[in-house]
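Student: Starting from these lines, generate the structure:
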Amino acid sequence: MNQKSSSSAEHQRLIENLSKNIPLEQWGPYLSERQWGTVREDYGYFGDAWNYFPYDQAHYRSYIWGEDGIAGISDFFQSLCFAVTLWNRKDPILKERLFGLGNNEGNHGEDVKELYYYLDNIPTHYYMEYLYKYPQQEFPYEKIRSENRKRSKMDPEYEILDTGVFDNNEYFDVHITYAKQDSQDLFIRIKIQNRADKPAGITVLPTLWFYNRKRYKEGSVKPIIEDYNKTTVKATHHRLGTYYFYFEKTRATFYTENETNMQRVNGKPNPTPFVKDAFHEGIIRRKNVKSLRKSISGTKFAPIYNYTIDGGGEKVLYLRLSNKELNNAFEPGFENIFATRKAEADVFYETILPSKITPELRNIQRQALAGMLWSKQYYHYDVERWLTTSDGITPVNDGKLYGRNHEWKHLKNQNIIMMPDKWEYPWYAAWDLAFHCIPMASMDSCFAKDQLLLIMREWFMKPDGQLPAYEWHFSDVNPPVQAWAALQVYRIEKLQSGTADITFLKKIFHKLIINFTWWINRKDARGNSIFQGGFLGLDNIGVFNRSIEMPGNQVLEQADGTSWMGMYALNMMDMAIEIAMEDPAFEDTATKFFEHFVLIAEALNEHGLWNDHEKFFYDILSPAGSNPIQLRIQSIVGLTSLFAVSVIQKEVLDKLGDFKKRMTWFEKYRRENKRFWPNEEGKNGDSILLSLVPQERLRQILEHLLHEEEFLSPGGIRALSKYHEKNPFAVTIDHVDYSIQYDPGDSTSNLFGGNSNWRGPVWIPINYVIIQSIRKYGKFYGDSLTVECPVGSGKLMNLNQVADELTRRVISLFERDEDGNRRIYGKYNDFYKREENAHLVQFYEYFHGDQGNGLGASHQTGWTSLVAQLINELNADSAG
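Tutor: Now for the predicted structure:
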């Protein structure tokens, strides 16, 4: 860590935690935003998670594998949780969690229908800020459902801003801010602003509760929250210890138990007089109010504040959660802790972000990185226990015992993990997590490395070496990007700190060898170095579902599966070389992966995946006893061939004599036998380029990539070429017709739930890898290779300039233009041009291939936060 960065208070905290071998703070934003509708909570017969535990039951059924809430926090074992509950005096239920549609309710699958924003956060979570916008009219639950039911796949989603509830500014801005005194002492500020011009009422319940572990763990000691005095409760847990929750004076407090209302579920008697929905019943229907007010203990607690806020006015509420027993929790001047921690956050970001960027870019970066930090979530899933136990509602059944994930009984996860989106995807995905670690490394490289190593551990990785894809189907296959991500994280840390963590590379290298071997043994069906893998994270990219087993012994040989493996082999070689510079024992391993790469490069280029007429790589469907069929779809499936590229400097080769000797012999042997050779030597002999794509084919692919009527959009590279807008691809297989065409917006197919679309939109992680790869080519070729960009413009650029141009296009999606519009917001820009909303940025899952508006998950600050790293790289010379 350089001297400037290590001087910040936040960096000092990170250094102190590292010295204690603590990669994680005890308290953080570890509460999910959706626990209902997850695989973990599905104990049904048919694997229908969305219908087994829908939103409408979440307020009266307790969870087994985690908790959820709005702007919530918990300790890292999620024993004790805190979140904000609200009521606008009109809704039929308390606003205790974010509302959204289940997969079967939305015309484009599941989708959150709320407005909320991650405004700030730092790695130790000593400062966190969150904004929730709460309508003053009755929340339009049924209107959103009914309108989306009416719409087809060809229609856009019906969003909350379409309902009119935010018209005339009739809403509250609810700012929730956390500032830590120390690791176990947190101040909480809830500021509620009435954005309307007339008074409006709101009820606020700052809620503290214990996760109900007793439901799944027999013999566990029941925790308790109990009265301490009129403005304090005491929370006692056998593992966590004792905490005190301090709050401002109020006329009423409620206790209940975090237990399912069994009477509502199945008519059986409740285990306790007060159950999970007691606050809803007491506040809204005035049921059992006297008893609730008289109660003095439980596992869920909330003080109740009723406010009427003038038009344009605000109310501020302070609370404190601490392991300290205090006579006066709110001493004069206590509010200064928020300004102090905010100032420390500002200094922290000044040290890691480029110094000479515009305030607009700094705001985008800050919110992108804040969202990445807010995405940390407690994730708990013991597959064996889940398969063999009941939730108390549905008995253990064969549908579950032999259904989803039954072959993953070894998987026993209980960790804090970065989620793709804590509402839409409140579960980790193997390749998403790898991308998350890159922006995380710029803030907290220790945590980024820990996450990459975590998914390699024996309670994640299958004994045969397969990595879990995601909880809906752990056996699906994601692209093997972990080695690439590990090198990215290693290099970011090395650049920032000047220290090379070779120990980290060694630890992950050993585990990656096991996973690489799994790929070689399981996904090369014909032993010809052409790989399969199924959908490979790209959902509907194929003309048919690439994960299904094709009839009649047909084999789908995948250009992207092969290219990803070429990239994997090259990444492993690069990693082995880096380690071998300090530890010669790894040198022959570098040779092994180099030779793997050569064989894969040969297969990609020589075994029918390249179409010399159309100058593109395609998947091949090989029916038994028939000629192979090229699936001539111009998509990122073919562009992945650009990803496997590395440059080895001469001085490195000179230090690795055995590696150099073997490379020289192998080249001579293959050239003498007229075999494919992927290497290209620099003009001055000072470097060697290793690439899946020879220079001529690189030029040809770039002509597609940089053509605005093909892949190049104003906001980056499309996932499917616009060429297919007028030229759909169709194929008939076993008398079944399949077709695909350019589809730049929401998905119009049902593949993989229909909630994401790879047939035309722009995806930030793929753009990031493309840009990184083109920069490597640019480093090698310099000005000796120029291309027209955009094609037809007459403007020639070297590849470094091309990478910069692509970077600027991606960043432009998020920037305000001269009229105050951001392309990500499309038709909703009027709302975001209001003064109080002008600074707000959301990080969507993907972006319209022509217009640039955000689509899919609205808080995918997992991999979409890579835009922050793109801003860093474009402004590298001014880095803090």
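Student: contacts and neighbour counts: CA atoms only from here.
Tutor: Will do.
Student: where does this protein have low pLDDT?
Tutor: 1-6, 215-218, 550-552, 752-753, 877-880 (pLDDT under 70).
Student: Can you tell me the centre-most residue of it?
Tutor: Pro420 (1.9 Å; C-alpha atoms, centre = their mean).
Student: That one touches Pro426, doesn't it?
Tutor: Yes: Pro420 is in contact with Pro426 according to C-alpha atoms under 8 Å; the separation is 7.1 Å.
Student: Contacts only, for the residue nearest to the residue nearest to the centre of the chain when sequence neighbours are not counted.
Tutor: Nearest residue to Pro420 in three dimensions, chain neighbours excluded: Gly862, at 4.6 Å (C-alpha to C-alpha, 6 or more residues apart in numbering). Counting by C-alpha atoms under 8 Å, 6 or more residues apart in numbering, Gly862 touches 371-372, 375, 418-421, 432-433, 435-436.
Student: Filter the residues you listed down to just the ones in helices.
Tutor: Judged by DSSP state H, the contacts of Gly862 include 371-372, 432-433, 435-436 as members of helices.
Student: Spell out, range by range, the helices that occur in the stretch 101-250 of the chain.
Tutor: Taking DSSP state H, counting those that start in this stretch, the helices of the stretch 101-250 of the chain run over residues 141-150.
Student: The stretch 601-750 of the chain too?
Tutor: 636-639, 650-655, 657-672, 695-705, 723-726.
Student: which residues touch Leu813?
Tutor: Contacts of Leu813 by C-alpha under 8 Å, 6+ apart are 715, 822-824, 852-853.
Student: Now secondary structure and distance to Asp310 too, for these, in JSON lines please.
Tutor: JSON lines is the format used below for the contacts of Leu813 (DSSP: H, G, I helix; E, B strand; the rest coil; distance: C-alpha to C-alpha, whole Å):
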{"residue": "Gly715", "secondary structure": "coil", "distance to Asp310": "42"}
{"residue": "Arg822", "secondary structure": "strand", "distance to Asp310": "31"}
{"residue": "Arg823", "secondary structure": "helix", "distance to Asp310": "34"}
{"residue": "Ile824", "secondary structure": "helix", "distance to Asp310": "33"}
{"residue": "Gly852", "secondary structure": "coil", "distance to Asp310": "38"}
{"residue": "Asn853", "secondary structure": "coil", "distance to Asp310": "35"}
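Student: Closest one to Ser563 out of those, please.
Tutor: Gly715 (24.8 Å; C-alpha to C-alpha).
Student: just the helices of the stretch 601-750 of the chain: most buried one?
Tutor: Mean neighbour count (mean count of other C-alpha atoms under 10 Å) peaks for helix 636-639 among the helices of the stretch 601-750 of the chain, with a mean of 25.
Student: could you say what helices and strands it packs with?
Tutor: helix 559-580, strand 616-617 (3 or more C-alpha pairs under 8 Å, 6 or more residues apart in numbering; DSSP states H and E).
Student: for the ones you listed, which one sits closest to Asp91?
Tutor: helix 559-580 (49.2 Å).
Student: helices or strands up against that closest one?
Tutor: Using 3+ C-alpha pairs under 8 Å, 6+ apart, helix 559-580 sits against helix 482-497, helix 502-522, helix 587-606, strand 619-622, helix 636-639, strand 645-649.
Student: Can you check which of the ones you listed gets nearest to Trp408?
Tutor: helix 502-522 (15.7 Å).
Student: from the contacts of Gly862, which single one is nearest Ile352?
Tutor: Met372 (15.2 Å).
Student: Surely Tyr379 forms part of a strand?
Tutor: Yes: counting by DSSP: H, G, I helix; E, B strand; the rest coil, Tyr379 is found in a strand.
Student: For it, give the beta-bridge partners.
Tutor: Judged by DSSP bridges, the bridge partners of Tyr379 are Asn415.
Student: doesn't Trp427 make contact with it?
Tutor: Yes: Tyr379 lies in contact with Trp427 (C-alpha under 8 Å); the separation is 7.1 Å.
Student: Report how many residues lie close to Asp391.
Tutor: Asp391 has 17 neighbours, counted by other C-alpha atoms under 10 Å.
Student: typo on my end, Ala624
Tutor: So Ala624, with other C-alpha under 10 Å, has 12 neighbours.
Student: Repeat that for Tyr402.
Tutor: 11.
Student: Now do it against Met456, distance only.
Tutor: Using C-alpha to C-alpha, to the nearest Å, we find Tyr402 at a distance of 26 Å from Met456.
Student: Ok, Glu16 next?
Tutor: 26 Å.
Student: just Lys615 next, same as before
Tutor: 38 Å.
Student: again with Glu805
Tutor: Going from Glu805 to Met456 by C-alpha to C-alpha gives 36 Å.
Student: These two - which one has more neighbours?
Tutor: Legend: neighbour count by other C-alpha under 10 Å for Glu805 and Met456, higher for Met456 (23 against 17).
Student: what about the more buried one, is that helix, strand or coil?
Tutor: Per three-state DSSP, Met456 ends up coil.
Student: My read is that it contacts Lys511, right?
Tutor: Yes: if you go by C-alpha under 8 Å, Met456 and Lys511 touch, sitting 6.2 Å apart.
Student: Using TSV, lay out the helices and strands packed on helix 636-639 together with mean neighbour count and distance to Phe274.
Tutor: Formatted as TSV, the helices and strands packed on helix 636-639 follow (neighbours: other C-alpha atoms under 10 Å; distance: least, C-alpha to C-alpha, whole Å):
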stretch	mean neighbour count	distance to Phe274
helix 559-580	26	54
strand 616-617	27	63
